[in-house]
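In: below are the sequence and a predicted model for it; my questions follow.
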Amino acid sequence: MLVIDRFLLLIRDLRRNERGMALPTAIFAMVASLGLASAAVLSTVDVQRGGSRDNDSKSAIAAADAGASVALMRLNRYAGAFSTSTPCLSAPAGTLALSTASADGWCPSISGTVGDSSYVYRVTPATATTMSVVATGSNGVVSRRVALTFKKTTVGSALGKEGIIGVDDVEIDNNADARVSVGTNGNITVHNNGNVCGNIRHGIGKKAEFGNNGTQCAGYQITEGNVTLPPVSSFMPTDIATNNSNYRLVTCTKTGVPSGCQSDSYTGKWGGTEPWDSSSRTIYASNNTTLTLGGGDYWVCRLYIKNNSHLVMKEGAKVRIFFDTPENCGVKAGEKQIDINNNADVTATGYQPEIGKYDVPGFYVMGSPTIPTTIEFSNNSGNNEFILYAPNSDIIVKNNATYTGVIAGKTVHLDNNAIVRQDAGFEPPQIGGATIFERQSYVECTGATASPPNAGC
């Protein structure tokens, strides 16, 4: 009985004592925690891998777009140099050179880098009516491929679509009014009661921003796209430095000497710096004077019309004023190459929209990629009528200045009640001499790089 009683007491004691369960319980809890932690870690790693690949993919497509944009820029820069025997560009040693097409009918591949990404592009020969460009962008292990088509057009055609064009940015604010379509490869901002009564095109990956009662008239669109503005040198006469109408502005030393002197009409006193300063190559009119131009192409450095003075294009004349580079003119950074202010203006007697005549002078400013230059219309500058093409210069229209025609610059800023407008039926003159390419279509390709380059696009 004693043995049995001891056994029963041992069983009863084990039943009350739970110290033996602590270890397995702790083990099970640890295993469960590790399982949950491992799941969280694996999920985080997957997310990080997905995020990294997504970033690589976005960088790759951006690099492909950059490669296509570089191709377009080079096509326009070398458009006048291509021929049937050398319709391509190549870069065998990192330097661009004209070349023949490859055996597959496409131009040789050209590579480059943008940030941490790289691109490779190929184009069809420039002899085709419609150009094709295929660009592949790569970042890390990810690559993306895009195909674009470009069509041939002219500088005049590009200006016919938009009344204000900015290569970089366009700003319209402080009650300024753009009564034309506006386009830029950068951003467009419409602020402080500024208004655009026309279509708006902002650059690829850029935006149109409205703030403080900035508006766009109803019925117009906002689109995305880039337009190339070729350099003035691509359509400027090659002999402009020696064959021009500057002689018409020269003060005669005696009757008819030099030949053609004072052929242009000027109501002020001839001589000194007015209306022509030959040393600085400046057309200058100030203080209630009128200068009437009746020649063809002028070759100058600066144009200053001020203080109730007027520059007029004579009816029947086809006046074009070409502005030399700031390097050749001694123009300093930020200096104005064109300054029209204080009730001064530029008009054309051949501009008569009521009878369908739209003849206006053209101002074509070469500018510089390294020396910033400015063009300004300000302080009640009247109803200016001309074409202004200055893809390397900053253009400012402000303080009640009014402009009728087309403005194209590096940047364009309308400020303080400035107005840019066009009359119904207006078309800019065909500048001539320059064939350019503009984007027509864009698709992303599928699959790996293939032959031909646009397979799967």
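Out: Arrived safely.
In: which strand in this structure has the most residues?
Out: Looking across the chain with DSSP state E, the single longest strand is strand 383-398.
In: what helices or strands is that one leaning on?
Out: Packing partners of strand 383-398 (3 or more Cβ pairs under 8 Å, 6 or more residues apart in numbering; DSSP states H and E): helix 155-159, strand 336-341, strand 345-348, strand 362-365, strand 373-378, strand 402-415. For the C-beta atoms, the positions are set from N, CA and C on the backbone; glycine is no exception.
In: that strand to strand 402-415, inter-axis angle?
Out: Compare the direction of strand 383-398 with that of strand 402-415 by axes from the mean of the first three to the mean of the last three Cα atoms, to 10 degrees and you get 0 degrees.
In: buried ones in strand 383-398?
Out: Buried residues in strand 383-398, counting neighbours by 16 or more other Cβ atoms under 10 Å, are found at 384-398.
In: which one of the residues you listed is nearest to Gly456?
Out: Nearest to Gly456 among these: Pro391, at 36.0 Å, using Cβ to Cβ.
In: look up the closest residue to the closest one, ignoring the ones flanking it.
Out: Using Cβ to Cβ, 6 or more residues apart in numbering and skipping the chain neighbours, the partner closest in space to Pro391 is Leu229 (4.0 Å).
In: so what pairs up with Val133 in the strands?
Out: Beta-bridge partners recorded for Val133 (DSSP bridges): Val123, Leu148.
In: tell me, how many residues neighbour it?
Out: 27 (other Cβ atoms under 10 Å).
In: mind listing what it touches?
Out: Taking Cβ atoms under 8 Å, 6 or more residues apart in numbering, we find Val133 in contact with Ala68, Ala71, Leu72, Tyr121, Arg122, Val123, Thr124, Ala147, Leu148, Thr149, Phe150.
In: closest one of the buried residues of strand 383-398 to Ala128?
Out: The closest of the buried residues of strand 383-398 to Ala128 turns out to be Pro391 (Cβ to Cβ; 25.9 Å).
In: does that closest one touch Val232 like I think?
Out: Yes: using Cβ atoms under 8 Å, Pro391 makes contact with Val232 at a distance of 7.4 Å.
In: any idea how far Val250 is from Pro230?
Out: Distance from Val250 to Pro230, counting by Cβ to Cβ, to the nearest Å: 32 Å.
In: what's the answer for Thr402, then?
Out: 28 Å.
In: then Ala81?
Out: Distance, Ala81 to Pro230, by Cβ to Cβ: 12 Å.
In: these two - which one has more neighbours?
Out: Each of Ala81 and Pro230 has its neighbours counted (other Cβ under 10 Å); Pro230 has more, 23 against 10.
In: element containing that one, please.
Out: Following DSSP states H and E, there is no helix or strand that holds Pro230.
In: tell me if I'm right that it and Ala79 touch.
Out: Yes: in this structure, Pro230 is within contact of Ala79 by Cβ under 8 Å, at 7.4 Å.
In: of the buried residues of strand 383-398, closest to Lys254?
Out: Using Cβ to Cβ, the buried residues of strand 383-398 come closest to Lys254 at Phe386, 34.0 Å.
In: residues contacting that closest one?
Out: Residues counted as contacts of Phe386 (Cβ under 8 Å, 6+ apart) are Met313, Val346, Ala348, Val360, Pro361, Gly362, Phe363, Gly405.
In: what distance do you get for it to Asp239?
Out: Noted for Phe386: a distance of 24 Å to Asp239, by Cβ to Cβ.
In: again, but for Arg74
Out: According to Cβ to Cβ, Arg74 and Asp239 sit 26 Å apart.
In: which of these two has more neighbours?
Out: Neighbours were counted for Arg74 and for Asp239 using other Cβ under 10 Å; Arg74 has more, 17 against 10.
In: in three-state terms, label that one for me.
Out: Assigned state for Arg74: helix (three-state reduction, DSSP: H, G, I helix; E, B strand; the rest coil).
In: give me every residue that touches it.
Out: Going by Cβ under 8 Å, 6+ apart, Arg74 touches Leu89, Leu96.
In: per-residue confidence for Lys336?
Out: For Lys336, the pLDDT comes out at 97.
In: equivalent analysis for Pro429, please.
Out: pLDDT for Pro429: 71.
In: what's the answer for Leu10, then?
Out: 51.
In: correct me, but Ala97 touches Ala81?
Out: No: at 10.4 Å, Ala97 does not count as touching Ala81 under the criterion of Cβ under 8 Å.
In: shared neighbours of these two, which are they?
Out: By Cβ under 8 Å, 6+ apart, Ala97 and Ala81 have no common neighbours.
In: buried stuff in stretch 304-316?
Out: In terms of neighbour count (16+ other Cβ under 10 Å), stretch 304-316 has its buried residues at Tyr304, Ile305, Lys306, Asn308, Ser309, His310, Leu311, Val312, Met313, Lys314.
In: the fourth one: what secondary structure?
Out: Of the three states, Asn308 takes coil according to three-state DSSP.
In: residue contacts, it?
Out: Taking Cβ under 8 Å, 6+ apart, one finds Asn287, Asn288, Asn342, Asn343, Ala344 in contact with Asn308.
In: please repeat the previous calculation with a cut-off of 7 Å.
Out: Residues counted as contacts of Asn308 (Cβ atoms under 7 Å, 6 or more residues apart in numbering) are Asn288, Asn342, Asn343, Ala344.
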